[in-house]
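Novice: below are the sequence and a predicted model for it; my questions follow.
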Amino acid sequence: MESLIPFDYATLRVIWWALLGVLLIAFAVMDGFDLGVAALLPVVARTDVERRVVINVVGPVWEGNQVWLITGGGAIFAAWPLLYAASFSGFYLAMMLVLVALIVRPVGFKYRSKMEGTRWRGTWDHVLCASGVVAALVFGVAMGNLIVGVPFGFDAAALRPEYHGHFYQLFSPFALLAGLLSLAMLIMHGAVLLAWRTDGAVAARARRAGRLAALLTAALFAAGGFWVANGIDGHVITGALDGMAPSDPLLKTVVAQPGAWIGNFARWPLAWIAPALGVGGALLVAAMLGGRRHSLTFIVSSLSIVGVILTVGLALFPFLMPSSSDPRFGLTIWDASSSRLTLWIMLLATGFFLPIITLYTAWVYRVMRGKVTSESVDGTPNSY
């Protein structure tokens, strides 16, 4: 069977590393503005009608956007089982916190307008805002922990992951900076969408909030890059590593070196495009939010998110999850994947279903295009 696979094992591993990045970026871009809009709810909407307008901007699409999170989790489970096991055990409580935030969010959407009481609606508005803030913050904290290293190892006999840290250890100073970057970035993205899809006072407040969030995104991203280059040890594989060999994370030698996460940018000069997109895109969003080219501003905001996530992925490559307990336990694309046959079958399935999901998503957004106003909300019986 494997003789019929057109790609060798090493190539399939790189393809799945790239696909994982695509899925993470798709989630951050598509579901990211949902979280940003929710976090902005009390800032841009002052009256009940304005809050309904903001909620109905994302109301028809938020469920579909979460498909990218489910797809990404499924891809990690199928293609990178060791990464799935180590990350879900190490980040268990943090992931439960995210799950609670993502679970109460649909309840807020569905229940908020079921009763007209001010206290009732105000409570659900706060729930929606908190869900957006918590999820965006924790996702960023998780990315920050990948850069500083996660305290885990493996049982050499059974290759079982063993987590050596505790919940509060996840919230180190650098991880919190990464969390604030994630929150500012998604608020920027949500504000751009609100400035595009609403009008009047809501749009004006969204533009002001978006400019501030965009400037914070650029500043925090630049500060994080300086910190990584000068204050955080990266990991370097020193021994030979066979990209065609079966997965075994205990067969490599790794050393920690100051500033090593910048090494890939020195080896691949084109990789600097990613951080340039992250900073430049955010600054451009701040400048463009006052104009009328809303769709272009949204594209630029999306490119800024792409730049931030690509920067992390390229800096860590080939690592997926470095270990701060012992650098040799860190998981790389060469020693944490499923078998060659599994990767190939999953690639075929992804090649079939991913275009369908993309086309359906594009169709939904085309149907739901146009501004959301108080008149459209009041005139539509199915609105939130």
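Specialist: Perfect, I can see it now. The model shown is predicted, which means the values in this text are computed figures rather than measured ones.
Novice: number of residues surrounding residue 121?
Specialist: 18 (other C-beta atoms under 10 Å). (Each C-beta comes from the backbone N, C-alpha and C, glycine too.)
Novice: give me phi/psi at it?
Specialist: When read as degrees, to the nearest 10, the backbone of residue 121 gives phi -70, psi -40.
Novice: can you show me the helices along the stretch 201-350 of the chain?
Specialist: Secondary structure of the stretch 201-350 of the chain (DSSP state H, counting those that start in this stretch): helices located at 263-267, 273-288, 294-316, 340-367.
Novice: which of these sits closest to residue 90?
Specialist: Minimum separation from residue 90 across those (C-beta to C-beta) falls at helix 294-316, 16.0 Å.
Novice: how about the closest one: buried residues?
Specialist: Within helix 294-316, the residues that count as buried by 16 or more other C-beta atoms under 10 Å are 294, 297-298, 300-316.
Novice: can I get the helices of the stretch 201-350 of the chain in TSV including mean pLDDT and distance to residue 182?
Specialist: Converted to TSV, those look like this (pLDDT from 0 to 100; distance: least, C-beta to C-beta, whole Å):
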stretch	mean pLDDT	distance to residue 182
helix 263-267	91	21
helix 273-288	95	12
helix 294-316	94	8
helix 340-367	88	22
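Novice: between those helices, which gets nearest to residue 160?
Specialist: Of those, nearest to residue 160 by C-beta to C-beta is helix 340-367, at 20.0 Å.
Novice: by contact count, what packs against the closest one?
Specialist: On a contact count with 3 or more C-beta pairs under 8 Å, 6 or more residues apart in numbering; DSSP states H and E, helix 340-367 meets helix 9-30, helix 62-65, helix 67-79.
Novice: how far off helix 340-367 does the last one point, in degrees?
Specialist: For helix 67-79 against helix 340-367, the angle by axes from the mean of the first three to the mean of the last three C-alpha atoms, to 10 degrees is 180 degrees.
Novice: so which bits of the helix or strand following helix 67-79 are buried?
Specialist: Downstream of helix 67-79, the next assigned helix or strand under DSSP states H and E is helix 81-90. For helix 81-90, a neighbour-count test (16+ other C-beta under 10 Å) marks 81-87, 90 as buried.
Novice: and what of stretch 207-217?
Specialist: The neighbour-count criterion (16+ other C-beta under 10 Å) identifies 207, 209-211, 213-217 as the buried residues of stretch 207-217.
Novice: tell me the average confidence for that stretch?
Specialist: Taken as a whole, stretch 207-217 has a mean pLDDT of 95.
Novice: thinking again about what came up before, which one of the buried residues of stretch 207-217 is nearest to residue 348?
Specialist: Closest approach between the buried residues of stretch 207-217 and residue 348, by C-beta to C-beta: residue 217, at 37.5 Å.
Novice: state the distance from that closest one to residue 179.
Specialist: Residue 217 sits 13 Å away from residue 179, going by C-beta to C-beta, to the nearest Å.
Novice: again, but for residue 342
Specialist: Residue 342 is 33 Å from residue 179, by C-beta to C-beta.
Novice: mind listing the strands for the stretch 101-250 of the chain?
Specialist: 152-155, 160-163, 233-237 (DSSP state E, counting those that start in this stretch).
Novice: among those, which comes closest to residue 367?
Specialist: Per C-beta to C-beta, nearest to residue 367 of the strands of the stretch 101-250 of the chain: strand 160-163, 44.2 Å.
Novice: leaving out sequence neighbours, find the closest residue to residue 315.
Specialist: Spatial nearest neighbour of residue 315, chain neighbours left out: residue 261 (4.3 Å); criterion: C-beta to C-beta, 6 or more residues apart in numbering.
Novice: quickly, which of the helices and strands packed on helix 340-367 bottoms out on average pLDDT?
Specialist: The bottom spot among these, by mean pLDDT, belongs to helix 62-65, with a mean of 79.
Novice: in that one, which residues are buried?
Specialist: Under 16+ other C-beta under 10 Å, the buried positions of helix 62-65 are 62, 65.
Novice: centre of the chain to that helix, how far?
Specialist: In terms of C-alpha atoms, centre = their mean, to the nearest Å, the centre of helix 62-65 is set 15 Å apart from its chain centre.
Novice: ditto for stretch 265-272
Specialist: Using C-alpha atoms, centre = their mean, the offset of stretch 265-272 from its chain centre is 23 Å.
Novice: contacts for that stretch?
Specialist: With contact meaning C-beta atoms under 8 Å, 6 or more residues apart in numbering, stretch 265-272 is reached by 264, 275, 314-315.
Novice: could you redo the last one with a cut-off of 6 Å?
Specialist: By C-beta atoms under 6 Å, 6 or more residues apart in numbering, the surrounding residues in contact with stretch 265-272 are 264, 314.
Novice: what residues sit buried inside it?
Specialist: 265, 271.
Novice: got it, and stretch 186-202?
Specialist: So, applying 16+ other C-beta under 10 Å, buried residues of stretch 186-202: 186-198, 202.
Novice: looking at those residues, which are in helices?
Specialist: Of the buried residues of stretch 186-202, the ones assigned to helices by DSSP state H are 186-197, 202.
Novice: wait, which of the residues you listed is closest to residue 97?
Specialist: Using C-beta to C-beta, residue 186 is the member of these that lies nearest residue 97, at 16.5 Å.
Novice: give me the number of residues near the nearest residue to that closest one once chain neighbours are set aside?
Specialist: In this structure, residue 186 finds its nearest non-sequential neighbour in residue 36, 4.1 Å apart by C-beta to C-beta, 6+ apart. By other C-beta under 10 Å, 30 other residues sit near residue 36.
Novice: swap in the one 10 residues further on?
Specialist: Around residue 46 there are 12 other residues, counting by other C-beta under 10 Å.
Novice: for it, give its distance to residue 198.
Specialist: 13 Å.
Novice: and stretch 56-69, end to end?
Specialist: End-to-end distance of stretch 56-69 (C-alpha to C-alpha, to the nearest Å): 21 Å.
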